[in-house]
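[1] any chance you could fold what I've pasted below:
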Amino acid sequence: MTTRPTQRPLGRGVEWEFDRLLISREFSRSFVTRLLVDRAEHGGWELDRVQIRSDGTRRVVLRRRIIRQRQPA
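    Next comes the predicted model:
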């Protein structure tokens, strides 16, 4: 399993952080579900897209909103 976080803006004033996972076919569906639920509950990630390739590997993209604190003037 590999991961690669990136950042990019989508729309006005909203910035998202993306985390790309490549999950081997050796992991069961229930394990992958638990992994994604854990990341959602504890990391604030939400599912952006899932692609299951012909070799059985899963390409998962997670995203979470970046909240910037404004500095007082």
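
[2] which SSE is the residue positioned nearest the centre of the chain in?
    The centre of the chain sits closest to Leu62, judged by C-alpha atoms, centre = their mean, with a distance of 1.6 Å. Element membership for Leu62 (DSSP states H and E) is strand 58-66.

[3] alpha carbons of that strand, as PDB, please.
    In PDB, the C-alpha atoms belonging to strand 58-66 read as follows (Å, rounded to 0.1, in the frame of the first residue of the first chain):
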ATOM      1  CA  ARG A  58      -7.500  -0.500  -5.800                       C
ATOM      2  CA  ARG A  59      -6.600   3.100  -6.600                       C
ATOM      3  CA  VAL A  60      -8.300   5.300  -3.900                       C
ATOM      4  CA  VAL A  61      -8.300   9.100  -3.700                       C
ATOM      5  CA  LEU A  62      -9.200  10.700  -0.400                       C
ATOM      6  CA  ARG A  63      -9.600  14.400   0.300                       C
ATOM      7  CA  ARG A  64     -10.000  16.800   3.200                       C
ATOM      8  CA  ARG A  65     -10.600  20.500   3.400                       C
ATOM      9  CA  ILE A  66      -7.800  22.700   4.400                       C
END
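
[4] report the rounded mean pLDDT for that strand.
    On average, the pLDDT along strand 58-66 is 95.

[5] and the strands in this structure?
    2-9, 15-23, 46-52, 58-66 (DSSP state E).

[6] redo those strands as a markdown table? Include distance to Val37.
    Heads up, the C-betas are built off the backbone N, CA and C, glycines and all. A markdown table is the format used below for the strands of the chain (distance: least, C-beta to C-beta, whole Å):
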| stretch | distance to Val37 |
| --- | --- |
| strand 2-9 | 16 |
| strand 15-23 | 14 |
| strand 46-52 | 10 |
| strand 58-66 | 12 |
